[in-house]
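Undergrad: have a look at this fold, sequence not included:
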């Protein structure tokens, strides 16, 4: 904040490079945490031939382009998820630091959105939200609450409690109505994490947006196939929107529907 434009771009670019590296690590987390594997050992290796990936073949984005998306040793294709997640995480970090400058809020927002990206990926691929994202992220949200630009510790605690509690109640009611498990425990813990970052208003908006998106996008598929809705994806999108535009959306609703100035 208060930087000249050139300085802002430098900060954003530097943050983007950090994001690229974190995106590379996020790929490992999204593939190993759902299977309860270590993210440290064994080191990154080709899923085709098992050869350990050298550091110069593990440079975010650049290595994928140079190798043309193939293993240097066996020629097996490398999933495009790797560069996509790296780029997305880099843009998240660059965008947050461009918006808020060199502040605690930039780091808080970037970490929150990175966690949400990880949750969306694991829920889409494995129907699992690892505790490392939900519980670990919740603790991180509480730890960052006292810093300028965030919530108070009390607001974060209330948000975490309401996020978990409201979805727990919905899950219990849904299970009784449909005579089967209506929602996974990962969704509940995830909303506790969201509440620690966004507080009670953000939780309510996230639930509304997530339910709306899930019903419109995946509802018809679930109705026809009987597949469970990977609700974590839509909650992650709802939480991202709530973080970026939540206050404006709530003000718009209050003005246009509740008649509040």
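TA: Done, it's in. The shown structure was predicted, so the numbers you read here are calculated from the model rather than taken from an experiment.
Undergrad: what about the closest residue to residue 21 other than its chain neighbours, distance to residue 132?
TA: By the measure of Cβ to Cβ, 6 or more residues apart in numbering, the closest residue to residue 21 outside its immediate chain neighbours is residue 60, 6.1 Å from it. (Glycine included, C-beta is placed from N, CA and C.) Separation of residue 60 from residue 132 (Cβ to Cβ, to the nearest Å) stands at 21 Å.
Undergrad: the more surrounded of those two?
TA: Neighbours of residue 60 and residue 132, each counted by other Cβ atoms under 10 Å, are more numerous for residue 60; the result is 22 against 16.
Undergrad: now do the more buried one against residue 235, distance only.
TA: Distance of residue 60 to residue 235, computed by Cβ to Cβ: 27 Å.
Undergrad: do the same with residue 168
TA: For residue 168, the distance to residue 235 - Cβ to Cβ - is 14 Å.
Undergrad: settle it for me: which of the two has more neighbours?
TA: residue 235 (29 against 17).
Undergrad: secondary structure element for the more buried one?
TA: Following DSSP states H and E, one finds residue 235 within helix 231-257.
Undergrad: ok, the residue sitting nearest the centre point of the chain - contacts?
TA: Centroid-nearest residue in the chain, with Cα atoms, centre = their mean: residue 116, separated by 0.8 Å. By Cβ atoms under 8 Å, 6 or more residues apart in numbering, the residues touching residue 116 are 236, 239-240.
Undergrad: remind me which helix or strand it belongs to.
TA: Going by DSSP H and E, residue 116 is part of helix 104-126.
Undergrad: only the buried residues of that helix, if you could.
TA: 105-123 (16 or more other Cβ atoms under 10 Å).
Undergrad: do the same with stretch 40-54
TA: 44, 46, 53.
Undergrad: low pLDDT regions in the stretch 151-261 of the chain?
TA: The stretch 151-261 of the chain contains residues with pLDDT under 70 at 178-182, 222, 225-226, 259, 261.
Undergrad: and if you look at the stretch 1-150 of the chain?
TA: Judged by pLDDT under 70, the stretches of the stretch 1-150 of the chain that qualify are 1-5.
Undergrad: which parts of it are helices?
TA: 5-32, 62-66, 81-100, 104-126, 131-144 (DSSP state H, counting those that start in this stretch).
Undergrad: could you point out which of these sits nearest residue 227?
TA: Ranking the helices of the stretch 1-150 of the chain by their distance to residue 227 (criterion: Cβ to Cβ) puts helix 104-126 first, at 12.2 Å.
Undergrad: relative to helix 231-257, how tilted is that closest one?
TA: Orientation check (axes from the mean of the first three to the mean of the last three Cα atoms, to 10 degrees): helix 104-126 against helix 231-257 gives 130 degrees.
Undergrad: off-centre distance for helix 104-126?
TA: Chain-centre distance of helix 104-126: 2 Å, with Cα atoms, centre = their mean, to the nearest Å.
Undergrad: which parts of the chain belong to which domain?
TA: Domain assignment for the chain by automatic domain parsing gives 1-102, 104-261.
Undergrad: okay, those domains, which one's buried deepest?
TA: Among those, domain 104-261 has the highest mean neighbour count (mean count of other Cβ atoms under 10 Å), at a mean of 19.
Undergrad: returning to what we had before: could the buried residues of stretch 40-54 go into JSON lines alongside distance to residue 87?
TA: Putting these into JSON lines (distance: Cβ to Cβ, whole Å) gives the following:
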{"residue": "44", "distance to residue 87": "18"}
{"residue": "46", "distance to residue 87": "21"}
{"residue": "53", "distance to residue 87": "19"}
